[in-house]
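Peer 1: whatever this is, show me its structure:
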Amino acid sequence: MDTLELARDILRSNLQLGAHADQMERDTALMGALPEFNSLSVVGLITAVEEQLGCSVADDEINADIFETVGTFSDFISSKMA
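Peer 2: Residues are numbered from 1 along each chain as shown. Predicted coordinates for the structure are as follows:
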């Protein structure tokens, strides 16, 4: 599974987006664009990344840039896989 698909899966399950997640592209906006996206969502998404990848994410790694678009979230996932 590529990181974009993994990003969609994590977003689908944590934000309860259903089939809407399948239509998300790299440039689809997240923060500020989805009513389901809030500070609690960030915690859930980071936790899901840690669980899916078996990694840990330090507090100082988390910033708003990660959640700007589906692509930036996917890039963050990719960086955690490396």
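Peer 1: surely residue 37 touches residue 31?
Peer 2: Yes - taking Cβ atoms under 8 Å as the definition, residue 37 is a contact partner of residue 31 at 5.8 Å. Any C-beta I mention is one placed from the backbone N, CA and C, and that applies to glycine too.
Peer 1: now do the shared contacts for these two.
Peer 2: residue 67 (Cβ atoms under 8 Å, 6 or more residues apart in numbering).
Peer 1: may I see the buried residues of the longest helix anywhere in the chain?
Peer 2: The longest helix of the chain (DSSP state H) is helix 39-53. The neighbour-count check on helix 39-53 (16 or more other Cβ atoms under 10 Å) flags 41-42, 45-46, 48-49 as buried.
Peer 1: immediately after that helix, which helix or strand?
Peer 2: The helix or strand immediately downstream of helix 39-53 is helix 70-81, counting by DSSP states H and E.
Peer 1: just the mean pLDDT for that next one, thanks.
Peer 2: For helix 70-81, mean pLDDT is 97.
Peer 1: which element is residue 9 on?
Peer 2: Using DSSP H and E, residue 9 falls in helix 3-15.
Peer 1: err, residue 35, not the other one
Peer 2: Using DSSP H and E, no helix or strand contains residue 35.
Peer 1: distance check, the closest residue to residue 57 other than its chain neighbours against residue 62.
Peer 2: Using Cβ to Cβ, 6 or more residues apart in numbering and skipping the chain neighbours, the partner closest in space to residue 57 is residue 46 (5.2 Å). To residue 62, residue 46 is 6 Å away according to Cβ to Cβ, to the nearest Å.
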